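S.K.: can't give you the sequence, but here's the structure:
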């Protein structure tokens with residue numbers, strides 16, 4: 001967060017985006033834990049960022065499809 005705050009010394013906050021992702025739900029990283037963590041970080045960063053991006057991790061089949069070398073070949077025609 002310190003780096004993000006330092007960035008706003010060089011650019012206006014409306015040009016800075018903060019990504020809180022990918023959100024992965026596990027028995028340890030629960031919805032409540034993410035809610036608390038995100039809220040605490042947002043309270044600090046509210047003056048320094050113009051927008052926040054919050055997204056969940058994709059399902060394994062979509063991740064595997066996008067990272068598998070054979071999938072890349074077919075996607076790019078190589």
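M.R.: That came in fine, so what should we check first? Keep in mind it's a predicted model, so treat the numbers as computed, not measured. Numbering: from 1, shown residues only.
S.K.: so where do the strands sit in this protein?
M.R.: 17-23, 51-56 (DSSP state E).
S.K.: put together a markdown table for those, with distance to residue 39 and mean neighbour count on each row.
M.R.: To be clear about C-beta, it is placed using only N, CA and C from the backbone, and glycine gets the same treatment. A markdown table is the format used below for these (distance: least, C-beta to C-beta, whole Å; neighbours: other C-beta atoms under 10 Å):
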| stretch | distance to residue 39 | mean neighbour count |
| --- | --- | --- |
| strand 17-23 | 10 | 13 |
| strand 51-56 | 11 | 12 |
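S.K.: pipe the ones you listed into CSV and attach mean pLDDT and distance to residue 35 per row.
M.R.: Shown next, in CSV, are the strands of the chain (pLDDT from 0 to 100; distance: least, C-beta to C-beta, whole Å):
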stretch, mean pLDDT, distance to residue 35
strand 17-23, 84, 10
strand 51-56, 82, 10
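S.K.: what's the burial count for residue 32?
M.R.: As a burial measure, residue 32 scores 8 neighbours (other C-beta atoms under 10 Å).
S.K.: could I get the contacting residues of it?
M.R.: Contacts for residue 32 (C-beta atoms under 8 Å, 6 or more residues apart in numbering) come out as none.
S.K.: what's the spacing between it and residue 18?
M.R.: 21 Å (C-beta to C-beta, to the nearest Å).
S.K.: what bits of this protein have low per-residue confidence?
M.R.: Within the chain, the segments meeting pLDDT under 70 span 58-78.
S.K.: for the top helix by length along it, which residues meet the burial criterion?
M.R.: For the chain, the helix with the greatest residue count under DSSP state H is helix 31-45. Neighbour-count burial for helix 31-45 flags 34, 45 (criterion: 16 or more other C-beta atoms under 10 Å).
S.K.: turn the strands of the chain into a markdown table, including distance to residue 5.
M.R.: What follows is the strands of the chain, written out as a markdown table (distance: least, C-beta to C-beta, whole Å):
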| stretch | distance to residue 5 |
| --- | --- |
| strand 17-23 | 10 |
| strand 51-56 | 14 |
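S.K.: out of those strands, which gets nearest to residue 45?
M.R.: strand 17-23 (5.6 Å; C-beta to C-beta).
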